[in-house]
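# mind looking at a prediction? Sequence and model below.
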Amino acid sequence: MPDPPAHAFSHEFQVPASAIDALGHANNVEYVRWVQDVAGAHWLSICPTELRDQIIWVVREHRIRYLQSAFAGETLRAITWVGESSGATSLRYTRLTRAADGVLLCEAETTWVLLDPKSGRPVRVTAEMVSWLQPN
């Protein structure tokens, strides 16, 4: 996975008790949720409000590497950025670290597909969208 660029989006959140499984740490399904949540937060931070109802992103594929456990009450930092975009798809990278010590807990590569919500059909990622996703 490449290093995050200067324009990478990040936010912090606390691991809720509801994320903890029978082994006493965050369930792997929660990591998937967090990867999706930070992608959505990033998109909402860059997409003009008037365009939000005209397009929607859906996941085609997640590749996730679980490296360390997260525990209830810990503050995590999610960092995400978009690599290449081609046609209707974009490759997004995400890292989840523990905020207190910077330890890498999880990293993911997700292929997202841009859809027209009315037709459900893929639409091309425009040059304008790429400039939002990958600012210079």
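Great, that's in hand.

# neighbours of the residue lying closest to residue 134 once chain neighbours are set aside, how many?
Spatially, and ignoring its direct neighbours in sequence, residue 134 is nearest to residue 82 (5.8 Å; Cβ to Cβ, 6 or more residues apart in numbering). Placement of C-beta: from N, CA and C, glycine included. Neighbourhood size, residue 82 [other Cβ atoms under 10 Å]: 25.

# list the buried residues of the lowest-mean-pLDDT helix or strand in the chain.
For the chain, the helix or strand with the lowest mean confidence is helix 127-133, at a mean of 93 (criterion: mean pLDDT, DSSP states H and E). For helix 127-133, a neighbour-count test (16 or more other Cβ atoms under 10 Å) marks 129, 132, 133 as buried.

# with these in mind, which one is nearest to residue 116?
Among the buried residues of helix 127-133, residue 129 lies closest to residue 116 (Cβ to Cβ), at 13.5 Å.

# so who does the closest one touch?
Applying Cβ atoms under 8 Å, 6 or more residues apart in numbering to residue 129 gives the contacts 85, 114.

# still on that earlier bit, and the residue nearest to residue 134, which of the three is it?
strand (DSSP: H, G, I helix; E, B strand; the rest coil).

# who's it bridged to?
residue 92 (DSSP bridges).

# ok, residue 62 next?
residue 110.

# against residue 54, how distant is it?
Distance of residue 62 to residue 54, given as Cβ to Cβ, to the nearest Å: 25 Å.

# do the same with residue 47
10 Å.

# have a look at the two and say which one is more surrounded.
Between residue 47 and residue 54, residue 47 has the larger neighbour count (other Cβ under 10 Å), namely 16 against 12.

# could you list the buried residues of stretch 55-69?
55, 56, 57, 62, 64.

# report the mean confidence score over that stretch.
Stretch 55-69 shows a mean pLDDT of 97.

# cool, stretch 118-126 as well?
Mean predicted confidence for stretch 118-126 is 96.

# start to end distance for it?
The first residue of stretch 118-126 is 18 Å away from its last residue (Cα to Cα, to the nearest Å).

# give me the element residue 70 is part of.
If you go by DSSP states H and E, residue 70 is not part of any helix or strand.
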